Every structure is written in structure tokens, then in C-alpha cells.
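Asks: structure here, sequence nowhere to be found:
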């Protein structure tokens, strides 16, 4: 699965091309451009995809869903 394009980044959240909005774990001190943040997003996306062998994982304890 390919990661999605980051289109907006604020101190508290980021938005992907499909319209989903994700909160940051902590508020950012400085706001990256979407292009700069995309590098971090792609890095962590690849790590989580490797950890889950590309399958979707739902964590019902935290109410989180990751790809």
C-alpha cells in the first residue's frame, strides 16, 4: 500500500489527500510545509506497514486504526 499525500499541516493536526485529518501526538513548536512533513509521514508509514506486513490493524483499545 502506498502512503497518502499530505496536503495541510498545522501545529495540532495534518490532513491527507483523501480528506482524513489526524491529530499530532503533541503540538508542534514549528509547522512544517506539507512537503517537509511528507518525508516524516512516509518514513513512519513504511515502518508501520513493515510491522503489520501491509495489513490493516485496528486497535480497539485506543480507538485507532492504522494501515
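Replies: It's in. All values derive from a computational prediction rather than experimental measurement.
Asks: distance of residue 31 relative to residue 24?
Replies: Relative to residue 24, residue 31 is positioned 10 Å away (criterion: C-beta to C-beta, to the nearest Å). The way it works is simple: take the backbone N, C-alpha and C, and place the C-beta from them, glycine included.
Asks: find residues that contact each of the two.
Replies: residue 11 (C-beta atoms under 8 Å, 6 or more residues apart in numbering).
Asks: what sits closest to the residue minimising distance to the centre of the chain if chain neighbours are left out?
Replies: Taking C-alpha atoms, centre = their mean, the centroid of the chain lies closest to residue 41, which sits 5.3 Å from it. If the residues on either side of it in the chain are set aside, residue 41 comes closest to residue 6, at 5.4 Å by C-beta to C-beta, 6 or more residues apart in numbering.
Asks: tell me the contacts of that neighbour?
Replies: Residue 6 sits in contact with 14-17, 34, 37-38, 41, where contact means C-beta under 8 Å, 6+ apart.
Asks: remind me which residues of the chain are low pLDDT?
Replies: 1, 54, 57-67 (pLDDT under 70).
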